[in-house]
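Engineer: here is a sequence with its predicted model. Questions after.
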Amino acid sequence: AFVQFQLTVPVAVVFAPGSVPRDLPRPLPFRDVQEMEIPVNLRTSVMSRYETVYRSTTAQENIALNAATAQEADAALHPLQDALLGSLTMYVVPETSSLLPQGISVYVGKHRSALVRAGGGLATLHSRLQQLTQVMSFTSSSIAAALSDGVSDGQLGPDARRHLKSSLGYEITFSLLNPDPKSHTVDWDIEDAVNHYVQPVLDKLSLVANFSVDSQILYYAVLGVTPRFDKESSSFLLSAHSLPHVINPVEARLGSSAASLYPVLNFLLYVPERSHSPLYIQDKDGAPVSTNAFHSPRWGGIMVYNVETPASPQASFPLHVDVDMVRVMEVFLSQLRLLFGLSREELPTEFLMESPGNEGLADWELDRLLWAHTIENIATVSTTLTSLAQLLDKIGNIVIKDDVASEVYQAVASAQSAMAKLAAGHLHSAFQASKEAVTSSERAFFDPSLLHLLYFPDDQKFAIYVPLFLPVSVPILLSLAKIVREARQRKKEPIKMD
Amino acid sequence: AGGMAAAAELVLLVLLAAAGPGLGQARPDALREELLLSPLPAGDMAATFQFRTRWDADLQRGAVSHYRLFPKALGRLVAALGVRELHLALTQGFWRTRTWGQPPLQAPAGAELWVWFQPTVTDIDKAWKELSNILSGIFCASLNFIDSTNTVTPTASFKPLGLGNGTDHHLLRYAVLPREVVCTENLTPWKKLLPCGSKAGLAVLLKAERLFHSSYHSQAVHIRPICRDASCLAVSWELRQTLTVVFDSFAGGQGKKDWSLFRMFSRTLTDACPLASQSKVYVDISPKNKEKELLEVTPPPASLHEAVVQGEKRTYAVYDLLSNSLFNTSRSLNVQLKWTRPQDSSELPTPVLHAHRYVSGYGLQTGEISTLIYNTHPYRAFPVILLETVPWYLRLYVHTLTIITKGKENKPSYIHYQPAQDRRRPHLLEMLIQLPANSITKITIQFERALLKWTEYPPDPNHGFYVGSSVLSALVPSIIAMKEVDMEQSPLFTSLFPSSDGSSYFVRLYTEPLLVNLPTPDFSMPYNVICLTCTVVAMCYGSFYNLLTRTFHVEEPSRGGLAKRLANIIRKLRGVPPL
């Protein structure tokens, strides 16, 4: 099936006094539409459409832009924007403005706005704005990654496959692995850490999916690889190529999420046993990884937490260890961002990004996630319904119940409405519709009445009648052979006559 | 990043401040592990493991999501499905009460699951279905076959063992799958729920190849809410994992009745689980038959424990794995039991209450289920609750129900009967029967065997259909008065069932499961018919076809028939000129 997406991003470009380029085609305010085709593959085409409004600042915005620093201006401007998800506002400030630090021409705020330094004429401004809108909404690579399940893999980098698949909910499990409880009593204040660091991020992400967080402590859970002893540093090393084998034996202990169907994100804190510590992770070049952590795409992350061995040999065991949760949570949160594909891309040095603060991600990053997930959801629905249709084609006498049929109709209608809303630039309602479409299509696809094993295969029906067909075919074949033989003989006979 | 770092520092300070006094605090969860070795009268040996995790947190309130010793999988299950109490037992073999005596914990053959739900659960049947499916995934058992045809709601037999009143029995569901086979794949997930796994402590003895080479193997999981302290203002949750195994003295080797840990498990104990607050091995050395001590235990136990268990005074040798002195002399503990003189097997003490059940009758149309209940108490009568669940395809004739004690009819004081509905629910029969002193009570009921649809037969239908064990629950009067004991101090094997008062003790017994043959059709018949019909049709077709298509024409005599040719070949071999 050929799918054509149209993604509309409402953009407002606001010129502060003294920043309007001379070569502006029309007097302010005016509207402009830019369309750009993003090539994905043969079956899918994505048209991005930037509906831009050019205007000059209002009096209030002027006051806000007179703030001393960019951060303050960003905070003051936030209540003046409409809070529509997916919309972007860009303030163009004069070239001489002191808002932006030296050498910085673009400042991306915490919310859905950015400050851009004027100068260099309209063409430079245009290219900056274009780059900025792509950073803050979607790029061709993020779209391609979202659609990657429909595309054959290979042309995508490892980054694209790292992202979690879009789902209605996620379960986050923090596990503390203590393989040596005889030597270490490890305590972690996970409850407090979750409330302080993880919950604000999840509150922000709650728009995207439901999250549940829990934690456990597992004793005698060992990694699947024996680390190598390094004499030079008198420490143990895990090399990068052995990391894939680390997870499997641990995973058997983690426990399945029996009570829900959502994918699980595992974050493991591993306190190595005393005979194997300190333990360091090496990267491909053999240098130790500074965070002593690694992550596994679509699965979660592991961090190795070394316990300082007491200098005095008469220290009593077990050793009590209180985990420094700040250090741990910094790593886990950045891994969480990586898993959601929120890694900050390489940007020109003239771009300055505001740190998202305690919330862990900025509003526009949330929008990026929503764009990608909406497209991924629609692609998933299309794949699910296509496979359902293939199954129905394969089994002719399958029974489609009314409720399954209505789920399919519902899925198609929701997917269409999601696409219509994407084209209209209503990101939030498009995302909601795409979620509904996924729910309906999955419910239809996994309906127990559609199990193909329930239907008697045709080839076995034939097998039952073999005792009839086989003896019946014998005289027919024999007489056919006889006819052929006779026909040949008749052909030969005239030659004999000659 | 500056803002985040500042906030982080602040939190770190808070964390450090909190960590200071926290060090000395008691943990909210505790693990106790225990192994009870009891020599059985017949010379066999029963080993009962109990692992108890107690958590001072209320799982129901939902706020709990950070697990330490309590397994997360079960904790989430309890919280998500509104479970108040859960008892799951997977058993291979049958506990012979008559020869082995009263079990510390018996379970019926196969899988047994009974659950009390919270009153807040609106659709209990749905929660029950979901729960059995999830448990089936956790324990790799076929619990997903639990449906309405084998689920009952007993009214009197299964009272909650933990907190909460058990009057509203609509919150209870009970099911038994007698056909379930228990093996290694069920033991591994069970062991995984232990905080120490099978890496340390008593659980190192749990080697599958020894445990399943035994006459009886039963593993169970019990979750229940209990009082946090004596005042009982707050709730704690308790998870008990129990495993009972009976080793046969003859199958074990040479028919010797001397036992040791190594001979039973092919392992010895080297340490306690470092997470356990208590780790003990009890050996039942109480003298049988009121005679001089027959049993010799090595190494000599550090202490003895005396308790009245199930109406009898028992003495236990106790080995505390957490005490420093135990592993000082030798690196491992291998408890050995030796009989100082051969035991008199003729004078086996019979338990006060035991039962026996069988199916009688001939033919494939009707039959009779008979249950014999023995009360061997010399002078006390006591009531017993009998629970029978019979699948719908055995149609019970309730009017044939007779209860006879000492030749006279015995009228039950309470009867609850729920008739079966075909393909919907089983028969449920609950009766409160008074057992006179020193008596045998015979309960019989007749049934008719139903015809099943051909898709309803299980694989290998000629093996027969199982009828689950019936359950006997009784407060058996004790010969010796028991004193109230503190649950937290006493050994685990005495504290699962609540003790009512000093004069009686609670016993739950299960009878044998029954194997009943149902009229079974010949499943190959349709195929045979198809084959035969097809062959006949094909033969008719063949001759008819020949008749229609064959053309007749006169043939000149040729070189001769088959006989002549054969004769020529033979003549050639003989060197004689051909015909």
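Structural biologist: Received it, and whenever you're ready, just let me know what you need.

Engineer: skipping its backbone neighbours, what lies nearest residue 144 in space?
Structural biologist: Since no chain was named, I'll use chain A. The shortest distance from A:A144 to any non-neighbouring residue, by C-beta to C-beta, 6 or more residues apart in numbering or on different chains, is to A:V40 (5.8 Å). Every C-beta, even on glycine, is put in place using the N, C-alpha and C of the backbone.

Engineer: that answer is for a different chain, and I need it for chain B
Structural biologist: Using C-beta to C-beta, 6+ apart, the closest residue to B:N144 is B:S136 (4.3 Å).

Engineer: same check, this time on A:V408
Structural biologist: Nearest to A:V408 is A:A444, by C-beta to C-beta, 6+ apart, at 4.9 Å.

Engineer: which strand or helix spans the closest residue to chain A within the stretch 151-300 of chain B?
Structural biologist: Closest residue of the stretch 151-300 of chain B to chain A, C-beta to the nearest C-beta: B:K199 (4.0 Å). Using DSSP states H and E, B:K199 sits within no helix or strand.

Engineer: any idea of the pLDDT on the closest residue to it other than its chain neighbours?
Structural biologist: In space, B:K199 comes closest to A:Y220 once its chain neighbours are excluded; the distance is 4.0 Å by C-beta to C-beta, 6+ apart. Looking at A:Y220, its pLDDT reads 91.

Engineer: quick check, B:V246 in a strand?
Structural biologist: Yes. The assignment for B:V246 by DSSP: H, G, I helix; E, B strand; the rest coil puts it in a strand.

Engineer: count the neighbours of it for me.
Structural biologist: 22 (other C-beta atoms under 10 Å in any protein chain shown).

Engineer: again with B:L86
Structural biologist: 21.

Engineer: quick one: secondary structure of it?
Structural biologist: Applying three-state DSSP: B:L86 is strand.

Engineer: so where do the helices sit in chain A?
Structural biologist: All helices of chain A, identified by DSSP state H, fall at A:59-65, A:70-77, A:121-136, A:140-146, A:158-162, A:190-193, A:199-205, A:247-254, A:325-339, A:363-394, A:402-424, A:427-445, A:458-464, A:466-497.

Engineer: go on, the stretch 101-250 of chain B?
Structural biologist: B:124-139, B:184-192, B:208-211 (DSSP state H, counting those that start in this stretch).

Engineer: hey, C-alpha coordinates of the longest one in PDB?
Structural biologist: Taking C-alpha atoms only, helix B:124-139 is exported to PDB below (Å, rounded to 0.1, in the frame of the first residue of the first chain):
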ATOM      1  CA  ILE B 124     -13.700 -12.000  40.500                       C
ATOM      2  CA  ASP B 125     -14.000 -14.600  37.700                       C
ATOM      3  CA  LYS B 126     -12.100 -12.400  35.400                       C
ATOM      4  CA  ALA B 127      -9.400 -11.700  38.000                       C
ATOM      5  CA  TRP B 128      -9.200 -15.400  38.700                       C
ATOM      6  CA  LYS B 129      -8.800 -16.300  35.100                       C
ATOM      7  CA  GLU B 130      -6.100 -13.700  34.700                       C
ATOM      8  CA  LEU B 131      -4.300 -14.800  37.800                       C
ATOM      9  CA  SER B 132      -4.200 -18.400  36.800                       C
ATOM     10  CA  ASN B 133      -2.800 -17.400  33.400                       C
ATOM     11  CA  ILE B 134      -0.100 -15.300  34.900                       C
ATOM     12  CA  LEU B 135       0.800 -18.000  37.500                       C
ATOM     13  CA  SER B 136       0.900 -20.500  34.800                       C
ATOM     14  CA  GLY B 137       3.500 -18.300  33.100                       C
ATOM     15  CA  ILE B 138       5.500 -17.700  36.200                       C
ATOM     16  CA  PHE B 139       5.600 -21.400  37.300                       C
END
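
Engineer: which parts of it are buried?
Structural biologist: B:I124, B:A127, B:W128, B:K129, B:E130, B:L131, B:S132, B:I134, B:L135, B:S136, B:I138, B:F139 (16 or more other C-beta atoms under 10 Å in any protein chain shown).

Engineer: residues touching residue 31, list them.
Structural biologist: The chain I'm using is chain A. A:E51, A:T52, A:V53, A:Y54 (C-beta atoms under 8 Å, 6 or more residues apart in numbering or on different chains).

Engineer: right idea, wrong chain: chain B
Structural biologist: By C-beta under 8 Å, 6+ apart, the neighbours of B:L31 are B:F51, B:R52, B:T53, B:R54, B:L69, B:P195, B:C273, B:L275, B:A276, B:S277.

Engineer: swap in A:G86?
Structural biologist: A:G86 neighbours (C-beta under 8 Å, 6+ apart): A:V9, A:P10, A:S137, A:D367, A:L370, A:W371, A:G425, A:H426, A:L427, A:H428.

Engineer: closest to chain B among those residues?
Structural biologist: A:D367 (21.5 Å).

Engineer: bridging residues for B:V281?
Structural biologist: B:L35, B:Y319 (DSSP bridges).

Engineer: surely it touches B:S323?
Structural biologist: No. With contact defined as C-beta atoms under 8 Å, B:V281 does not count as touching B:S323 (11.6 Å).

Engineer: follow-up on the earlier one: what is the burial count for the residue nearest to B:K199?
Structural biologist: A:Y220, neighbours per other C-beta under 10 Å, totals 22.

Engineer: I'd assumed A:K182 was in contact with it.
Structural biologist: No. Taking contacts as C-beta under 8 Å, A:Y220 lies outside contact range of A:K182: 9.8 Å.

Engineer: what do the two both touch?
Structural biologist: Counting by C-beta under 8 Å, 6+ apart, the residues touching both A:Y220 and A:K182 are B:A200.

Engineer: now do the residue of the stretch 151-300 of chain B closest to chain A, the pLDDT please.
Structural biologist: B:K199 is given a pLDDT of 88.

Engineer: returning to what we had before: neighbour count: B:V281 and B:S323, which is higher?
Structural biologist: B:V281 (24 against 15).

Engineer: residues contacting that one?
Structural biologist: Here B:V281 is in contact with B:E34, B:L35, B:L36, B:L37, B:L202, B:L269, B:V318, B:Y319, B:L321, B:L333, B:V335 (criterion: C-beta under 8 Å, 6+ apart).

Engineer: ok, back up a step: got a list of what the residue nearest to A:A144 touches?
Structural biologist: Counting by C-beta under 8 Å, 6+ apart, A:V40 has contacts A:V46, A:I143, A:A144, A:L147, A:V151.

Engineer: same list (those) but as a markdown table, adding pLDDT and neighbour count.
Structural biologist: Putting the contacts of A:V40 into a markdown table (pLDDT from 0 to 100; neighbours: other C-beta atoms under 10 Å in any protein chain shown) gives the following:
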| residue | pLDDT | neighbour count |
| --- | --- | --- |
| A:V46 | 85 | 22 |
| A:I143 | 80 | 22 |
| A:A144 | 78 | 21 |
| A:L147 | 77 | 26 |
| A:V151 | 47 | 18 |
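
Engineer: of these, which is the nearest to B:G75?
Structural biologist: A:L147 (39.2 Å; C-beta to C-beta).

Engineer: quick check: the gap between that closest one and chain B.
Structural biologist: As judged by C-beta to the nearest C-beta, to the nearest Å, A:L147 and chain B stand 33 Å apart.

Engineer: excluding its backbone neighbours, what's nearest that residue?
Structural biologist: In space, A:L147 is closest to A:A379, 5.1 Å off (C-beta to C-beta, 6+ apart).

Engineer: hmm, A:F5 and that neighbour touching each other?
Structural biologist: No. Using C-beta under 8 Å, A:A379 is not in contact with A:F5; the gap is 9.2 Å.
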